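A.B. asks: following is a predicted model, sequence given first.
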Amino acid sequence: MSELLDTIPDVDIDDNGKFKYILIHVFDAENDTVKTIVRGYLREFHAHIYEEVEEKILKDMAPRLETECIGGGFIEHKAADKKIKVYGRSMGFGKADHNVTVELLKKAYPDYEVITTNEE
């Protein structure tokens, strides 16, 4: 992995509630590497999350990085119960690979009791 990609957190989601999320590939062309990240926030559309994240990465990180949204869905985060539920799909980006999302969330929230996927 590139040092630049290592500075980008794998997961950034809202602390509580039901909200949209997306999976994004971030490419470092200089080192020919890619990192997958999860971003989930209470926004009206999945595209709003992507625009926000893309702008921040390109502004803060460097113009050599590129991003691609590879799907979306929904997250229900119950911090008090230490539970996260991943489900659904984005109308605009299609369904994210929830298994990838769950693995990244498990690393970010190792003390959570349950992190499940639901294909509803």
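C.D. replies: Yep, it's here.
A.B. asks: just the element for I57, please.
C.D. replies: Using DSSP states H and E, I57 sits in helix 46-60.
A.B. asks: quick one: average pLDDT of stretch 101-114?
C.D. replies: Across stretch 101-114, pLDDT averages out at 92.
A.B. asks: please put the alpha-carbon coordinates of it into CSV.
C.D. replies: The C-alpha trace of stretch 101-114 is given here as CSV (Å, rounded to 0.1, in the frame of the first residue of the first chain):
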residue,chain,number,x,y,z
THR,A,101,-18.2,-3.6,4.0
VAL,A,102,-18.7,-5.9,7.0
GLU,A,103,-15.0,-6.9,7.1
LEU,A,104,-13.9,-3.3,7.1
LEU,A,105,-16.5,-2.4,9.8
LYS,A,106,-15.3,-5.4,12.0
LYS,A,107,-11.8,-4.0,11.9
ALA,A,108,-13.0,-0.5,12.7
TYR,A,109,-15.3,-1.7,15.5
PRO,A,110,-13.7,-4.7,17.0
ASP,A,111,-15.6,-4.5,20.3
TYR,A,112,-19.1,-4.6,18.6
GLU,A,113,-21.2,-7.7,19.4
VAL,A,114,-22.9,-8.1,16.1
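A.B. asks: what residues does it touch?
C.D. replies: 9-11, 13, 21, 23, 36-38, 73, 81-84, 86, 115-117 (Cβ atoms under 8 Å, 6 or more residues apart in numbering). No exception for glycine: its C-beta is placed from N, CA and C like everyone else's.
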